[in-house]
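Engineer: sequence and predicted structure, then a few things I'm wondering about:
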Amino acid sequence: MKQKTWPCKSDSLHFSALPFLRKPSSDSPSSAFTKPAKTHLSFFNSSRRTAPPATTASALAPYSSSDFSALPYDVISRIAASFSMPNLMAASLVCRAWADALKPLREAMVFLKWGKRFKHGRGGVKANLSKALDSFLKGAARGSTLAMVDAGLIYWQMGKREEGILWYRRAAELGDPAGQCNLAISCLQANPSNTKEALEWLYRASFTGHVRAQYQLALCLHQGRVTGQSLQEAARWYLRAAEGGYVRAMYNTSLCYLMGEGLVQSHRLARKWMKRAADHGHSKAQFEHGLGLFSEGDMMKAVVYLELATRAGERAAAHVKNVILQQLSATSRDRAILLADTWRALPSSR
């Protein structure tokens, strides 16, 4: 599902892509939003413990720790709806009843695999969105939330947004973080947008560790979509997403450290996260990091990062790069371009 990238590419002065907007007024519809309450396992630190209510052995017998087969099939399938194939295989080894209950989900993984082949034209087959959608729908019919999300993506790509949102919602209600994140973004892009519901889903997905949801949540807080929220919370979610490998969050975390917005100002940490974003392929970070290297006198490395930024579409980087190239020897210029030609981005969660 396509969405606007924030911050976007720009030829303007660097660091201008991180505007901190004013928060909306208190009568904003989003002011009614409150974060989900956290639950705490108080029995770990409780000094006074109360005895649990008496339970008969007969009541516990059907669900004893040694009788996993007593769990209803629908409960097992709902729990495992978002499982990947390795997790499904491991769960299927628990007992015969679980193996039988999870059989539809194992079949769904086969359809999911073929759907991805048809979607991307891999595994010896030609790309075919219709066949990909058919495979994803068969997997979704067997209860896989992974297939539901992929079916929603195909519908969204075809312009059938309502059908896409339907599958996102089904996956989200079954606890799939990707489905929750995509549903939230759909709510934000609706006309009019449903910010309250979007934030509820983003918080759910973010607390499970879904880095894209964490980044989107940080954007909402950063842009003032929630009354009463602080820039500190937005910066913390940027940092969590960055630590989880989300490249755009790395870039925004660097800017927060650089300007002391939401985080304690630290040029060292700003440089660290800017370089990390650049090494993962973020074009604006490559531009900014190249400028930093140039200001420090490291011309060779500066040219490499500026060349990478230029190739990625940052037009302002080309001018600076050409100025530096004039100061280098022919050997150094050739060496810098060779390094750019052989450069590969580090893997990321994007």
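Structural biologist: Nice, I can see it. Numbers count the residues shown, from 1 in each chain.
Engineer: neighbours of H267, how many?
Structural biologist: 10 (other C-beta atoms under 10 Å). Bear in mind the C-beta positions are built from the backbone N, C-alpha and C, glycine included.
Engineer: please read the previous query as pertaining to R315.
Structural biologist: Residues near R315, counting by other C-beta under 10 Å: 12.
Engineer: go on, the one 3 residues further on?
Structural biologist: Other residues near A318 come to 15 when the count uses other C-beta under 10 Å.
Engineer: please verify my assumption that it contacts T310.
Structural biologist: Yes. A318 is within contact range of T310, at 4.5 Å (criterion: C-beta atoms under 8 Å).
Engineer: tell me where the model's unsure across the stretch 101-250 of the chain.
Structural biologist: Along the stretch 101-250 of the chain, the parts satisfying pLDDT under 70 run over 227-229.
Engineer: quick one: E233 from H267, how far?
Structural biologist: Separation of E233 from H267 (C-beta to C-beta, to the nearest Å): 23 Å.
Engineer: please apply the same query to I154.
Structural biologist: 45 Å.
Engineer: kindly report the same for S254.
Structural biologist: Distance from S254 to H267, by C-beta to C-beta: 10 Å.
Engineer: ok, now G164?
Structural biologist: Distance from G164 to H267, by C-beta to C-beta: 43 Å.
Engineer: how about the residue most central in space within the chain: what's its closest non-neighbour residue?
Structural biologist: The centroid of the chain falls nearest to R212 when counting by C-alpha atoms, centre = their mean (1.7 Å). Using C-beta to C-beta, 6 or more residues apart in numbering and skipping residues adjacent in sequence, the residue nearest R212 is C181, 5.4 Å away.
Engineer: again, but for V320
Structural biologist: Closest to V320 by C-beta to C-beta, 6+ apart is L306, at 5.7 Å.
Engineer: helix/strand/coil for the one you found?
Structural biologist: The assignment at L306 comes out as helix when based on DSSP: H, G, I helix; E, B strand; the rest coil.
Engineer: next one: the helix or strand where I154 lies to chain centre, how far?
Structural biologist: Assessed by DSSP states H and E, I154 sits inside helix 145-157. Centroid separation for helix 145-157 versus its chain: 16 Å, with C-alpha atoms, centre = their mean, to the nearest Å.
Engineer: repeat for stretch 232-240
Structural biologist: When C-alpha coordinates are averaged (C-alpha atoms, centre = their mean), stretch 232-240 and its chain have centres 14 Å apart.
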